[in-house]
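Asker: need a structure here:
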Amino acid sequence: MAQVNTRPDSDNETRIVLLIDDEPAQSRLISAIAAREGWRTVVASDAETAIAMLGTREGMQLSAILLDQWVPGDDACSLIAELKERRPALPILMLTTSASPLLAVEAMRAGASDYLVKPVSPDRLMEALRTVTTREAPRNELAPLTEKMSANLDFEAMIGTAPTFRAALAQAAKAARGHGHALIEGESGTGKEMLMRAMHAASPRSKDPLRIINIASVPPNSIESVLFGHEPNAFPGAFDRQIGALQHCDGGTLVLDEVDRMSAPAQNRLREALETGIIRPVGAAHGFRVDVRLLSASNCSLSQLAEGGLFNPALAQQLAGTRISLPPLRERTGDIPALTRHFLGRIGEQPGLTHLSISDSALALLAAYDWPGNVRQLQSVLFRAAVYCEGDTLTADSFPQLSELLGELQIGASQSSHDGVGIMLYTEDGNLRPLEEIEADVIRLAIGHYRGRMTEVARRLGIGRSTLYRKLSDLGIDNAA
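Answerer: Numbering: from 1, shown residues only. A predicted model of the protein is given here:
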């Protein structure tokens with residue numbers, strides 16, 4: 001039987017989510033999380049009840065479906081397909097304990113909009129729901145996936161040649177060799193966590209403990225306990241002693257993602273701990289000394305927040321022993337071809353997917369978009385396109401919503417301003433291609449652009465016809481290319 005969990009709400013446009021889950025505890029938790037943002041949750045404990053619910057008056061008002069994979073088990077994708085057939089416009093998110101990309105591919109091909117790996121934080125859950133249901137949010141093709149492929153842990157995996165980006169990497173590599181705290185600032189999706197992992201891997205503490213905490217995913221009243229630990233009976237519900245992240249990482253590195261979201265009391269406590277080197281668990285009478293390196297990330301400038309009274313100035317200064325700024329993708333569009341090739345190479349290695357090439361028209365389309373979700377969004381868009389690609393090459397037609405969003409005039413302008421965007425200067429690992437290969441690509445591009453008129457090709461390349469034909473022979477290029 002379906003159960004409705006509600007919260008009084010005067011908003012007549014309160015959205016309803018159908019949760020397909022047979023675990024009462026998890027259902028109550030998700031219902032409570034959703035209620036914080038005004039959602040009503042209808043819970044169905046099995047597939048049959050869920051399908052029947054679609055035909056009810058309440059079912060016709062649904063804004064989204066949240067499906068726990070364990071309810072239908074191996075038939076999860078079949079259930080997604082059936083739900084999608086009955087309600088094509090209704091977004092479906094799948095909850096799973098599996099991080100397998102193959103499951104994600106199968107679920108998306110069946111019709112899922114997104115998938116979330118359990119245990120899922122409240123913030124990630126609500127972000128996923130907002131993304132697939134908010135009118136102002138990007139449509140599915142452009143929406144960053146909640147989960148992504150695991151990131152490599154070294155600087156070689158950071159693809160890009162833009163001067164501001166390379167300067168940030170050089171600064172990070174230098175800071176990694178020391179023991180001081182570092183602050184990485186940049187928009188969401190620019191690669192801050194990946195950079196911090198690379199810094200730890202390249203540091204003298206690489207073999208020592210590492211823990212990553214996303215401040216935004218921890219309830220404000222729990223962050224002090226998470227960082228510093230607590231003693232039994234320190235507060236209601238504290239039945240056992242808990243070791244905090246700072247103590248756990250003694251001698252190692254603690255990564256604080258979205259540190260700008262830390263509560264004021266926790267900021268003050270952390271500032272004092274960094275000044276003295278001593279931490280004191282909540283409820284403890286005495287503290288003890290630890291040696292921890294902090295790598296912090298913020299989506300906005302901590303110094304500006306401090307100036308506005310929104311962040312502890314002393315703590316901001318302590319965290320920024322080295323301050324590194326990662327540029328947004330729209331400020332390094334020249335890196336999009338190399339990033340695209342890199343991501344397609346990694347995507348092709350995932351179960352259920354194949355290696356794909358990409359056309360110049362598709363690259364021009366990608367280069368024309370401003371990517372508000374940055375590198376993470378680009379990866380998600382390519383992943384979605386690869387999932388639904390039936391050939392061996394991604395073309396502009398592989399990104400229909402992006403084409404519609406940009407319009408033909410902007411795409412044409414982009415192709416003109418990004419002339420030669422299809423010429424790859426770098427390999428998938430970020431290294432320069434051999435000059436002979438680049439030269440061959442330029443000549444092929446010129447032959448195609450001037451429709452095989454070799455005199456014009458030679459004139460535009462600034463070489464004689466005899467030199468051009470010699471190069472065609474040396475490089476093995478068919479002049480009809």
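Asker: can you pull out the helices in the stretch 51-200 of the chain?
Answerer: Taking DSSP state H, counting those that start in this stretch to define them, one finds helices in the stretch 51-200 of the chain at 76-86, 101-110, 122-133, 163-176, 192-201.
Asker: quick check: angle from the fourth one to helix 192-201?
Answerer: Here helix 163-176 runs at an angle of 40 degrees relative to helix 192-201 (axes from the mean of the first three to the mean of the last three C-alpha atoms, to 10 degrees).
Asker: In PDB, please show the C-alpha coordinates belonging to helix 163-176.
Answerer: Listed next in PDB are the C-alpha coordinates belonging to helix 163-176 (Å, rounded to 0.1, in the frame of the first residue of the first chain):
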ATOM      1  CA  PRO A 163      48.200  30.000 -19.300                       C
ATOM      2  CA  THR A 164      46.000  30.700 -16.200                       C
ATOM      3  CA  PHE A 165      45.300  27.000 -15.800                       C
ATOM      4  CA  ARG A 166      48.900  25.900 -16.200                       C
ATOM      5  CA  ALA A 167      50.000  28.600 -13.800                       C
ATOM      6  CA  ALA A 168      47.500  27.200 -11.200                       C
ATOM      7  CA  LEU A 169      48.900  23.700 -11.700                       C
ATOM      8  CA  ALA A 170      52.500  24.900 -11.400                       C
ATOM      9  CA  GLN A 171      51.600  26.700  -8.200                       C
ATOM     10  CA  ALA A 172      49.800  23.600  -6.800                       C
ATOM     11  CA  ALA A 173      52.700  21.300  -7.700                       C
ATOM     12  CA  LYS A 174      55.100  23.600  -5.900                       C
ATOM     13  CA  ALA A 175      52.800  23.800  -2.800                       C
ATOM     14  CA  ALA A 176      52.300  20.000  -2.800                       C
END
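Asker: Outside of it itself, which residues are in contact with it?
Answerer: Here helix 163-176 makes contact (C-beta atoms under 8 Å, 6 or more residues apart in numbering) with 155, 158, 160, 182, 184, 195, 198-200, 202-203, 321-322, 324-327, 331-332, 335. (Glycine included, C-beta is placed from N, CA and C.)
Asker: What about those residues, which are in strands?
Answerer: Where the contacts of helix 163-176 overlap with strands, as defined by DSSP state E, the overlap consists of Ala182, Ile184, Thr322, Ile324, Ser325.
Asker: quick one: which of those is most hemmed in?
Answerer: Taking other C-beta atoms under 10 Å to define a neighbour, the member of the ones in strands among the contacts of helix 163-176 with the most is Ile184, carrying 29 neighbours.
Asker: Okay, and the beta partners of that one?
Answerer: Applying DSSP bridges to Ile184 yields these beta-bridge partners: Ala297, Ile324.
Asker: How confident was the prediction at it?
Answerer: For Ile184, the model assigns a pLDDT of 98.
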